[in-house]
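Student: Any chance you can model this:
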Amino acid sequence: MSQIDVNSVLSQMRSLGAQASGTSPMALLPSASNAAPSVDFGTLFKQSLGSVVSQQSEAQTQADAFERGDPGADIVKTSIAGQKADLAFRGLVEVRNKLTDAYTTIMNMPV
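Tutor: Below is the predicted model of the structure:
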């Protein structure tokens with residue numbers, strides 16, 4: 001089994017994230033002159049929910065087209081869309097579980 005260089009993977013993830021957001025990869029690195037960008041959690045969470053919903057809608061559309069026998073609808077695209085939607089939903093459930101655990105922990109702290 002090959003070893004994974006963590007720094008290489010991290011830099012690739014930052015680069016892909018920068019490409020997705022339209023910023024330069026160097027802007028993501030923390031530095032003394034750059035303050036952390038302000039990110040509204042509510043907005044980020046709504047965007048994530050919207051993304052999951054759109055992936056599920058796309059998977060359902062692909063499945064319906066395949067069931068009808070539409071030309072251009074093949075089992076591979078349908079299966080991939082379904083797997084993407086499933087993975088996105090599972091990720092969302094895990095985030096929900098972590099938030100619930102954090103809330104429970106905070107509420108159980110002695111004052």
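Student: list the helices and strands the longest helix along the chain packs on?
Tutor: Of all the segments of type helix in the chain, defined by DSSP state H, the longest one is helix 75-107. Counting contacts by 3 or more C-beta pairs under 8 Å, 6 or more residues apart in numbering; DSSP states H and E, helix 75-107 packs against helix 41-68. Placement of C-beta: from N, CA and C, glycine included.
Student: Would you mind listing where this structure has pLDDT under the threshold?
Tutor: Residues of the chain meeting the criterion pLDDT under 70: 1-6, 8-10, 22-37.
Student: Let me see the domain layout of it.
Tutor: 1-37, 39-111 (automatic domain parsing).
Student: For the longest helix of the chain, buried residues please.
Tutor: Of the residues in helix 75-107, those with enough neighbours to count as buried (16 or more other C-beta atoms under 10 Å) are 78, 81-82, 85, 88, 92.
Student: likewise stretch 53-63?
Tutor: In stretch 53-63, counting by 16+ other C-beta under 10 Å, buried: 55-56, 59, 62-63.
Student: Please report phi then psi for Gly72.
Tutor: Backbone geometry at Gly72, expressed as degrees, to the nearest 10, gives phi 90, psi -10.
Student: no, scratch that, I was asking about Asp70
Tutor: phi -60, psi 140.
Student: Could you list which residues are in contact with it?
Tutor: If a contact means C-beta atoms under 8 Å, 6 or more residues apart in numbering, then Asp70 has no contacts.
Student: which helices and strands sit right next to the helix or strand hosting Ala20?
Tutor: If you go by DSSP states H and E, Ala20 is part of helix 6-21. Helices and strands touching helix 6-21, by 3+ C-beta pairs under 8 Å, 6+ apart: there are none.
Student: Output it in CSV with nothing but the alpha carbons.
Tutor: Provided in CSV are the C-alpha atoms of helix 6-21 (Å, rounded to 0.1, in the frame of the first residue of the first chain):
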residue,chain,number,x,y,z
VAL,A,6,-0.8,14.6,3.9
ASN,A,7,0.6,18.0,2.9
SER,A,8,0.2,17.2,-0.8
VAL,A,9,-3.4,16.1,-0.3
LEU,A,10,-4.2,19.2,1.8
SER,A,11,-2.7,21.5,-0.8
GLN,A,12,-4.7,19.8,-3.5
MET,A,13,-7.9,20.2,-1.5
ARG,A,14,-7.2,23.9,-1.0
SER,A,15,-6.5,24.3,-4.7
LEU,A,16,-9.8,22.6,-5.6
GLY,A,17,-11.7,24.6,-3.0
ALA,A,18,-10.2,27.8,-4.4
GLN,A,19,-11.1,26.8,-7.9
ALA,A,20,-14.7,26.1,-6.8
SER,A,21,-15.0,29.4,-5.0
